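> Please work out how this folds:
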Amino acid sequence: QELLRRAKEAGYDGRKTAFYALVAGLRPPRAAPVVRFEGLPGEFSQHDFGEVDVTYVSGRKRRVRFFASRLKYSRFVAVALVANQTTETIVRSLARHFVAFGGLPLLAVFDRPATIVKKGGKGREVEAWNATFAQAIVDIGVGIEICAPRSGQQKGSVESLVKWVKNSFFKHRKFQDDADLQAQLDAWHTEVNTKTASRATGMIPETRRQEELGRLR
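Now for the predicted structure:
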């Protein structure tokens, strides 16, 4: 409106809609803000299941399932090969990964797997939890954050962990057999956690994990 007023003072006698269209074409597009799910030291960890089809050198094909965990602040990661996505597998994998982290964060962030959430509510609310998972989490002593459905920015961080594991570990490797896959995964843990700087932070994850240890329970 202010630009139109000034234009009329300068002699513009055209229609308002044409002038507004001109201004809209010159105005920079309004971009959605970039939301990074970072967290403070010891605040968040993220967890999710993933699966990928692997063809061994012999030609045998196998669908590999894995459970991935990552401390958000340090980007320290732990990945376990699993046989299924049952509640027991989640709990056991989660406990082992907390040991690998060196302690418990304040919150563990999950997508909405059916083995955890029996009945969802609005947004991030949960009306009914899997009883076995709920009791195990109480015993472990960590809070749980569930991503809201159809929340692209929120879920993107969890889903990107699985995508990152696929691209970083599985995509460019060849495996002789199951034992070779596990051996390469063990070596990969050492590489990504203690030798290679994270693209997100520019620092080696183990270095930043040391900063987190005082905040992990």
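
> Return the list of helices and strands in contact with the longest helix along the chain.
Across the chain, the helix with the greatest residue count (assigned by DSSP state H) is helix 178-194. Using 3 or more CB pairs under 8 Å, 6 or more residues apart in numbering; DSSP states H and E as the contact criterion, the neighbours of helix 178-194 among helices and strands are strand 77-82, helix 205-212. C-beta here means a position set from N, CA and C on the backbone, and glycine is covered the same way.

> Tabulate these in a markdown table, adding columns for mean neighbour count and distance to Ser69.
Output for those, formatted as a markdown table (neighbours: other CB atoms under 10 Å; distance: least, CB to CB, whole Å):
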| stretch | mean neighbour count | distance to Ser69 |
| --- | --- | --- |
| strand 77-82 | 20 | 5 |
| helix 205-212 | 18 | 12 |
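
> any idea which element the spatially closest residue to Gly141 that is not a sequence neighbour lies in?
Once flanking residues are discounted, Gly141 sits nearest to Leu104: 6.3 Å by CB to CB, 6 or more residues apart in numbering. Using DSSP states H and E, Leu104 falls within no helix or strand.

> Surely Leu104 touches Gly143?
No. In terms of CB atoms under 8 Å, Leu104 does not count as a neighbour of Gly143; the distance is 9.3 Å.

> Neighbour count for these two, which is higher?
Under the criterion of other CB atoms under 10 Å, the comparison of Leu104 against Gly143 puts Leu104 first, with 19 against 12.

> ok, the more buried one - contacts?
Contact analysis of Leu104 by CB atoms under 8 Å, 6 or more residues apart in numbering lists 98, 140-142, 216-217.

> now Gln182
Applying CB under 8 Å, 6+ apart, we find Gln182 in contact with Leu81.

> For Ser69, which three-state class applies?
Three-state secondary structure (criterion: DSSP: H, G, I helix; E, B strand; the rest coil) places Ser69 in strand.

> give the contact list for it.
For Ser69, the set of contacting residues under the criterion of CB under 8 Å, 6+ apart consists of 45-47, 77-79, 93-94, 97, 100-101.

> mind running it again at 6 Å?
Ser69 is in contact with 45, 47, 78, 97, counting by CB atoms under 6 Å, 6 or more residues apart in numbering.

> How many residues are close by Ser45?
Neighbour count of Ser45, defined by other CB under 10 Å: 30.
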